[in-house]
Structure formats: structure tokens, C-alpha cells
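Participant: Task: produce atomic coordinates for the following.
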Amino acid sequence: MRFSKKIDCETCSLKCDIYSTLTENANKYQLVNPLHACFKKHDVICKQGTDVTHALFLVKGSTKLYIEGLNNRNIILYILKPPAYIGLLSFFENTEYSYSVSALEDSEVCFIELDLIKKLYVEDHNLLLSLNKAFGKSVSAIMKKLISLNQKQIRGRFAENLIYLSEMHQSHKFHLGMTRKEIGEMIAISEENAVRLFTEFSKENIISLKGREIEIMDMALMKKISEVG
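Facilitator: You can find the predicted model right below:
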């Protein structure tokens, strides 16, 4: 991680709701001292079990939010792409992160002091609604993940995951910027099982796979597999 002094709220390419709230009141704007940090691929942005000190906003890149399990068996809950608050679930309740977040590619994150966010959350109705909406989206994603892991077989979970990645890239053809191990961690299976499923789906002509480039050839069948699980 390295901090950039060349980028501040005024020059940032992606203005967040917090910035909009602060600029409405010049006195409040003087209180903020955001830190713009650059992370390399695989860098840990926040670590499970460490203290929550800042609100984090993803400006560029992509990250994974995951639970660190025993024996290095992690579960990826969801992927974050800009604009997105990182670690929103820990803003107000927990003093420690109950999950970790790391960069899937070179990423940029804005750090804003948590005490200021808590103050603005109480005082500004629009920011309250915005953060509540983002919080609800995070909870919904986790609930969907729990239902999938509990009720679907691995082929159904695998299909659902590929649909999720396709929708995130807004295309049936996309670059798979994750390892087979990480794909397995998204659906709670081993890396070996993930490799096997890629092979099965390729042989069944449901997907086309060339290195890290993947294309869903039969989305209708993919959705059917996901539904019946």
C-alpha cells in the first residue's frame, strides 16, 4: 500500500456521497482529511480481527470481501467494484473487522476518519439514506450467498457464480481475473473441484474457456442449472 498526495477530493475521478455531503457545508468540509491509498493486486486492504478506524471507499479496481476460516479455508462473500463502500458492515457496530478485504487487481481506496462519518450519518438525512441503501445491499448479498451455500449442489453454485461474474462484467464474455482457488472460495469448494467443474462445463459446451478468457455459450442452460441447483 502507498498513499498518494497527488489525489484529493477535488481531483478524484469518482465523487462519493460523503464528498457531496461535505461540500454542502464549507465548515464540515474543512474537517475531512481523506487519505488516498493505492493497493497492488493481492494486497490486504482490511484484515479480519483488526480495529476499524476509517470508512473506506473503493475508487478504482476491484476487491474481494471474504471470511478467513480455519486451515486457510476462506469463503468469498462478494466482489466489490467502484463505486463501493468497503467494510460498511463494520462501520457502526463492531470495533474489529469480522472479515477481510483484499485487492483482486491494482486498486485505489479513499480512507475517511470513521468518527466524522458517524457524525455526518446522524446529521445529514441524504447520507443516512445513501449509507443505509449500501448497507442493505451488502446484507442482501450475504443472505443470498448463505441460501446458495445451504441449498444448492456444487454445479448449481458454480453456475450461479459464473452468472454473477458475467453480470458484474456486463457481458457473457469476460476476463476471469481470479484464480481457480478463489473461484472455489466463492462457492465453498476445493480448488480441485473448481478445476473439474470448469472442465465439465467446457465439455458440455456451456462455456468456452481459453486461459483466463471465459465466455458463457449457453446462458439459458446456465441459468437452469443455477435454478435447480
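Participant: Would you mind identifying the next helix or strand past the lowest-mean-pLDDT helix or strand in the chain?
Facilitator: Lowest on mean pLDDT, DSSP states H and E among the helices and strands of the chain sits helix 26-29, with a mean of 54. Note on helix 26-29: by DSSP states H and E, the next helix or strand toward the C-terminus is strand 35-39.
Participant: roughly how far apart are the closest residue to E191 other than its chain neighbours and H172?
Facilitator: Once flanking residues are discounted, E191 sits nearest to K181: 4.3 Å by C-beta to C-beta, 6 or more residues apart in numbering. For every residue, glycine as well, the C-beta is placed using N, CA and C. Per C-beta to C-beta, to the nearest Å, K181 is found 24 Å from H172.
Participant: cool, Q48 as well?
Facilitator: 34 Å.
Participant: Next: L70.
Facilitator: Distance from L70 to H172, by C-beta to C-beta: 37 Å.
Participant: ok, now V139?
Facilitator: Noted for V139: a distance of 29 Å to H172, by C-beta to C-beta.
Participant: out of these two, which sits in the more crowded spot?
Facilitator: Using other C-beta atoms under 10 Å as the criterion, V139 and H172 rank with H172 on top: 18 against 12.
Participant: surely that one meets E215?
Facilitator: Yes: using C-beta atoms under 8 Å, H172 makes contact with E215 at a distance of 5.9 Å.
Participant: got the residue ranges for the strands in this protein?
Facilitator: Secondary structure of the chain (DSSP state E): strands located at 2-4, 35-39, 44-46, 54-60, 63-67, 75-80, 84-86, 100-103, 107-113, 173-175, 207-210, 213-216.
Participant: which parts of the second one are buried?
Facilitator: Looking back up the chat, that one is strand 35-39. Within strand 35-39, the residues scored as buried using 16 or more other C-beta atoms under 10 Å are L35, H36, A37, C38, F39.
Participant: list the helices and strands that strand packs on?
Facilitator: strand 2-4, strand 107-113 (3 or more C-beta pairs under 8 Å, 6 or more residues apart in numbering; DSSP states H and E).
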